[in-house]
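> model the following, please.
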Amino acid sequence: MTRSNSRPVLLAVLVLAGCGGGEEDKTAPFVGTWTVTMGTLSGTCPILPMPIMQNLAGGQQIITKTADGALSVSIISGCNIIFDVTGNVANLRVTTPPQSCNFTFNMLPVMGTFTGATFTVNGQTASFNYAGTGMLGTIACPVTGVGTSMKGVPADGGSSTQPDTGISDGP
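Residues are numbered from 1 along each chain as shown. You can find the predicted model right below:
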């Protein structure tokens, strides 16, 4: 009776298959549709007597993976910026010139330029914040956004895809 050498070969194949199986996709917890559960976009303009605010609750944030492994995040309808992922936190990618986009803030067209932003995931919930400057024509206004989101589309099937654009006195 001869002893087969197939057993050590099989064991080696199984060990190698378990190693180097590829990295886990660090963007996976972020990718998808997130619904803002509470949040506010605030701006302070030198020509206005008080800060202006926009309720973000009910708005959607769509997050997709980019070709280079970063995230494209629609932080507000019509405004996508790029984030890099480390653990459960995505941070605004620093670029020169800074990232910017056009969006509507209380029914006014604004060009936003971002100086900082984070999107932090904890399971199916997340918190976000961003800061920068909103240009209203030639007037520069500091703008901040802060809030929380839940992964998924609202129970109404997503009919509420735009944030409330009414002016409010506070959060």
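> show me where this structure has strands.
Using DSSP state E, the strands of the chain run over 32-43, 52-55, 60-65, 71-76, 79-86, 89-92, 100-105, 108-122, 125-136, 139-151.
> among the ones you listed, which comes closest to residue 25?
Of all these, it is strand 60-65 that lies closest to residue 25, at 7.6 Å by C-beta to C-beta. The C-beta positions use only the backbone N, C-alpha and C, and glycine is treated the same way.
> what pairs with the closest one, parallel or antiparallel?
Using DSSP bridges, strand 60-65 pairs in its sheet with strand 32-43 (antiparallel), strand 71-76 (antiparallel).
> convert the C-alpha atoms of the last one to CSV, please.
C-alpha atoms of strand 71-76 as CSV (Å, rounded to 0.1, in the frame of the first residue of the first chain):
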residue,chain,number,x,y,z
LEU,A,71,-16.7,58.2,-1.9
SER,A,72,-18.8,60.7,-3.9
VAL,A,73,-21.3,62.1,-1.4
SER,A,74,-24.3,64.2,-2.3
ILE,A,75,-24.4,66.2,0.9
ILE,A,76,-27.3,68.2,-0.3
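> neighbours around residue 93, how many?
Residues contacting residue 93 under the criterion other C-beta atoms under 10 Å number 17.
> quick one: it and residue 85 touch, right?
No. Contact criterion C-beta atoms under 8 Å: residue 93 and residue 85 do not qualify, at 10.3 Å.
> shared neighbours of these two, which are they?
The contact sets of residue 93 and residue 85 overlap at residue 70 (C-beta atoms under 8 Å, 6 or more residues apart in numbering).
> residue contacts, the spatially most central residue of the chain?
In the chain, the residue lying closest to the centroid (C-alpha atoms, centre = their mean) is residue 73, at 4.0 Å. Neighbouring residues of residue 73 by C-beta under 8 Å, 6+ apart: 30, 61, 62, 63, 80, 81, 82, 83, 90, 119.
> pretty sure residue 63 is touching residue 30, no?
Yes. Assessed by C-beta under 8 Å, residue 63 is found in contact with residue 30 at 5.1 Å.
> overlap in contacts, the two.
71, 73, 119.
> closest to residue 100 out of these?
Proximity of those to residue 100 (C-beta to C-beta) peaks at residue 73, which lies at 14.2 Å.
> could you find the closest non-adjacent residue to that closest one?
Leaving out its chain neighbours, the residue that sits closest to residue 73 by C-beta to C-beta, 6 or more residues apart in numbering is residue 63, at 5.1 Å.
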